[in-house]
Every structure is written in C-alpha cells, then in structure tokens.
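**Student:** fold the following and give me the result.
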Amino acid sequence: MLQIAFIRENQEKVIQALAKRNLDAKTIVEEVVELDERRRATQVELDNILAESNKLSKDIGELMKAGEKAKATILKEKTVSNKEKSKALAETADAIAAELTEKLYTLPNLPAEIVPEGKSADDNLNVFQAGEIPVLHEGAQPHWELVKKYDIIDFELGNKITGAGFPVYKGKGARLQRALINYFLDKNTAAGYNEVQVPHLVNEASGYGTGQLPDKEGQMYHATVDNLYLIPTAEVPVTNLFRDVILNESELPILTTAYTPCFRREAGSYGAHVRGLNRLHQFDKVEIVRIEHPEKSYEALDGMVEHVKAILDELKLPYRILRLCGGDMGFTSALTYDFEVFSTAQDRWLEISSVSNFETFQANRLKLRFKDKDGKNQLTHTLNGSSLALPRVLAGIIENYQTPEGIVIPEVLRPYCGFDIIN
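**Tutor:** The predicted structure follows:
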C-alpha cells in the first residue's frame with residue numbers, strides 16, 4: 001500500500017497521480033490524512049502519560065526510601081488514574097490505526113510517469129511488435145475445434161468432473177503442456193532465477209501482502225472452513241516468501257521462478273472471446289519474481305521484458321507488447337507491460353503475459369525491507385511477470401502451427417515433447 005508519510009506530505013501529487021487511473025481520490029486522501037493526524041495526536045498524548053507514569057514510579061520509590069509514605073500514596077493514586085487513561089488511549093489509537101489501514105488498503109498504487117492516459121484497453125500503447133503472422137491453409141480452425149479433432153484437450157470431460165473452465169489435457173496435449181512448463185522453467189533458471197515449489201493455498205495475510213486482498217477477494221476461490229485462498233498466481237506465495245524479512249543490501253537482487261496451477265473465479269466472464277483456452281478457472285503458469293534495490297528496479301523491469309521477448313522469439317509466435325494505460329492497469333502496479341500473441345485462426349490478439357513493477361507498494365504491505373549502507377531500513381521494490389501463462393500460448397501454438405497434416409510442434413519444444421507433430 002502507499003506509505004502514509006508520502007501521502008501526508010504529497011496530498012495533491014497523490015490525488016493527481018490517481019486521477020490517471022480515473023479515480024477521484026480527493027475525499028479518501030483527506031480522510032486518510034485526518035485519521036493519521038488523529039492517530040499521531042493520540043499517540044503523543046499516550047506517550048506523554050506513559051512518560052509521566054515512569055517518572056511517578058521513580059518518585060514513589062524515592063519517597064518510600066525517604067519514609068514519606070503519605071506523599072507516595074498520593075502519587076500512587078495518580079498512577080492508577082494514568083493507567084486507566086493510558087489504557088483508553090491505547091484502545092483509541094489501535095482503533096484509529098485499524099481504520100486508517102483499511103482506508104489505505106482501498107488506495108491503488110500510483111502510476112509511473114510514463115504510464116499513458118486512458119480509460120480502457122483501447123487506450124494501451126503498442127510499444128513493440130515482432131514475428132510474422134502466418135498465412136493459414138483454407139479450412140483452418142480455432143483451437144477449440146482442433147483439440148477436439150486431435151483429442152488432446154477435453155472441455156466437456158472437465159465440465160463433467162468440475163464445471164466449465166476446468167479442461168482435461170490428454171495424450172500429446174498433456175505432454176505439450178508439460179513440455180512448455182519445463183521449457184519455461186529451464187529458460188528462467190538459465191537466466192539466473194532460482195526455482196521454488198510453493199503451496200497452492202495461502203492464508204489471508206499472504207493475500208493482503210501482495211494486494212489481492214481486499215481488491216480481488218471476489219475473484220479468488222476461498223476455502224472458508226480453514227480461511228485459505230487458492231492462489232490466482234504464483235506471485236502470491238513466491239513474493240510472500242519474503243514477508244517480514246530484512247535483507248542486507250548485498251543480497252539484492254533476488255530472482256525467483258515457480259510453476260503453479262492458478263485458480264480464478266473469473267466472475268462475469270462470458271461470450272465468444274472466452275471460448276476454449278481463452279479464459280479458464282484453472283490454468284498453469286510459470287512466474288518470475290524479483291526483489292530489487294529501488295534504484296535498479298526499472299532496469300530490472302526492462303530485463304524481464306527482454307527475457308519474455310526471447311522466449312516468444314524462440315517459439316516463433318507473432319507478438320506485441322503494450323504499455324498499459326492508467327485505466328487498464330492492475331491495482332498494485334506502478335507500470336505494466338502486457339504481451340499478446342496473435343491468433344490467426346481467431347484473428348485476434350491474446351494476452352499471454354503481464355510484466356510489472358510494483359515499486360514499494362507490495363513491500364510496504366509485506367514489511368519487506370533491506371538495510372542500506374548507512375544501516376537504515378528501506379523498502380525494497382518488487383516485480384513480477386508471467387514467463388509464461390500456458391493456456392493462450394498453447395492456443396497460439398495450436399492455431400498458428402496448424403497444417404492440413406496436423407499441428408507442427410515449434411522446433412525449440414521438440415526435445416521436450418519427444419514428437420514433432422500432433423496428427
């Protein structure tokens with residue numbers, strides 16, 4: 001979340017920055033500042049009473065040593081009164097602090113200066129495009145028809161077992177899925193990312209730590225008996241590995257990668273654009289997460305973008321990179337680049353990766369800090385990216401690599417698959 005000291009000292013700047021997200025934050029910023037003033041004033045009053053109580057305790061001790069019990073008794077009565085006052089003030093301070101935190105949780109991150117103005121995905125800025133869009137043979141089909149034709153993904157079977165949005169991968173479809181996961185992990189670890197395996201359920205503190213709660217609570221599957229959440233992305237458990245941690249500056253940067261299934265309710269998603277693999281409730285994804293020094297995080301973001309570009313170049317899929325506008329950017333992000341592959345069979349772009357810098361937004365929630373050269377604790381910057389999300393990458397491969405003879409496997413994946421065509 002945003003740092004209260006920054007909001008207090010930069011109220012107009014915060015309001016103007018959030019306006020780029022099409023959010024009128026004037027009222028809530030004023031409420032946050034007013035709550036912070038009350039909290040600080042209450043804390044000062046409490047500190048003064050506690051200091052007075054400490055002095056009274058010393059004075060009582062000295063009076064008792066001097067045999068002046070009557071005077072000591074008067075001071076003892078004062079300490080009893082102070083104890084009652086301090087208890088009430090502490091409860092008030094805690095209540096104000098809780099209300100302040102709840103308000104802060106509702107404020108999204110401030111967009112970076114280079115984030116373009118805009119209200120929706122139509123206003124995103126195309127900053128890069130590569131790869132040739134293939135010319136498909138007559139009678140080419142979208143992936144939801146091809147997977148049925150070659151019996152590699154069964155949506156109806158998944159619907160029987162669980163419901164819509166939970167496909168079953170079969171035969172060469174399952175092997176291609178596993179090949180992609182291993183290929184992505186190998187690319188990430190070769191680039192210096194440390195692979196981890198993490199839980200697929202997280203507690204409430206983890207959800208708040210990375211900003212999914214309370215913002216995305218309605219989109220997360222909630223196991224209410226144990227108050228655990230199925231992860232919507234590996235970003236949540238991986239970044240929370242560093243919650244409440246103080247690092248040495250020499251430990252930065254920290255690069256981590258993980259494969260996990262991801263679970264999203266996707267409430268309200270319907271229509272032709274979510275057919276097949278385009279929108280699922282359970283899907284596989286390989287994630288990269290970086291913990292960075294604040295002075296180096298944007299250089300790291302550029303490196304992450306280049307890393308994902310290199311993967312898509314090897315897969316030889318046509319893709320583009322969008323810099324998201326303020327109105328389309330995620331709640332926690334300061335700057336996001338979306339990668340999209342072109343599906344020739346669907347004649348549309350499909351999002352397959354988001355690479356984001358959160359600056360100190362997550363670190364402030366996580367209390368993730370590093371000790372600088374002067375011995376002071378500073379908040380780190382956190383970044384993450386999909387490297388990559390599988391469903392739409394798989395859809396792009398199936399559709400763009402289709403031929404009358406079958407679906408050709410990209411050359412880079414053939415050692416992982418053990419076959420070069422699905423027919």
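**Student:** any buried residues in stretch 368-384, and which?
**Tutor:** 368, 369, 370, 378, 379, 380, 381, 382, 383, 384 (16 or more other CB atoms under 10 Å). Using the backbone N, CA and C atoms, a C-beta is placed for each residue, glycine as well.
**Student:** among those residues, which pair sits farthest apart?
**Tutor:** 378 and 384 (20.0 Å; CB to CB).
**Student:** wait, doesn't residue 140 sit right on residue 347?
**Tutor:** No. Judged on CB atoms under 8 Å, residue 140 makes no contact with residue 347 at a distance of 10.5 Å.
**Student:** who has more neighbours out of those two?
**Tutor:** Set residue 140 next to residue 347 and count neighbours by other CB atoms under 10 Å: residue 140 wins out with 17 against 9.
**Student:** quick one, what contacts that one?
**Tutor:** Neighbouring residues of residue 140 by CB atoms under 8 Å, 6 or more residues apart in numbering: 344, 345, 399, 402.
**Student:** thinking again about what came up before, what touches both of residue 140 and residue 347?
**Tutor:** With CB under 8 Å, 6+ apart as the test, residue 140 and residue 347 reach no residue in common.
**Student:** where along the stretch 51-200 of the chain do the strands fall?
**Tutor:** 125-130, 153-154, 168-169, 194-195 (DSSP state E, counting those that start in this stretch).
**Student:** give me whichever of those strands is most buried.
**Tutor:** Burial of the strands of the stretch 51-200 of the chain is given as mean neighbour count (mean count of other CB atoms under 10 Å); strand 153-154 ranks first at a mean of 22.
**Student:** where does this structure have low pLDDT?
**Tutor:** 267-273 (pLDDT under 70).
**Student:** if we can go back for a sec, distance to residue 176 for the strands of the stretch 51-200 of the chain - can I get that in TSV?
**Tutor:** As requested, these are exported to TSV (distance: least, CB to CB, whole Å):
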stretch	distance to residue 176
strand 125-130	23
strand 153-154	10
strand 168-169	8
strand 194-195	21
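**Student:** and residue 362, which of those strands is closest to it?
**Tutor:** It's strand 194-195; of the strands of the stretch 51-200 of the chain, that one is closest to residue 362 (CB to CB) at 18.9 Å.
**Student:** now name the helix or strand holding residue 289.
**Tutor:** strand 282-292 (DSSP states H and E).
**Student:** and that strand, how far out from the chain's middle?
**Tutor:** 9 Å (CA atoms, centre = their mean, to the nearest Å).
**Student:** for stretch 175-192, buried residues please.
**Tutor:** 175-177, 179-185, 187-188, 191.
**Student:** meant to ask about stretch 208-224
**Tutor:** Buried residues in stretch 208-224 (16+ other CB under 10 Å): 208, 209, 210, 211, 212, 213, 215, 216, 220, 222.
**Student:** and the helices in the stretch 51-200 of the chain, which stretches?
**Tutor:** If DSSP state H, counting those that start in this stretch is used as the criterion, the helices of the stretch 51-200 of the chain fall at 69-105, 143-149, 155-161, 171-190.
**Student:** need those helices in a markdown table (columns: distance to residue 303).
**Tutor:** Shown next, in a markdown table, are the helices of the stretch 51-200 of the chain (distance: least, CB to CB, whole Å):
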| stretch | distance to residue 303 |
| --- | --- |
| helix 69-105 | 31 |
| helix 143-149 | 32 |
| helix 155-161 | 37 |
| helix 171-190 | 12 |
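**Student:** done for today, thanks.
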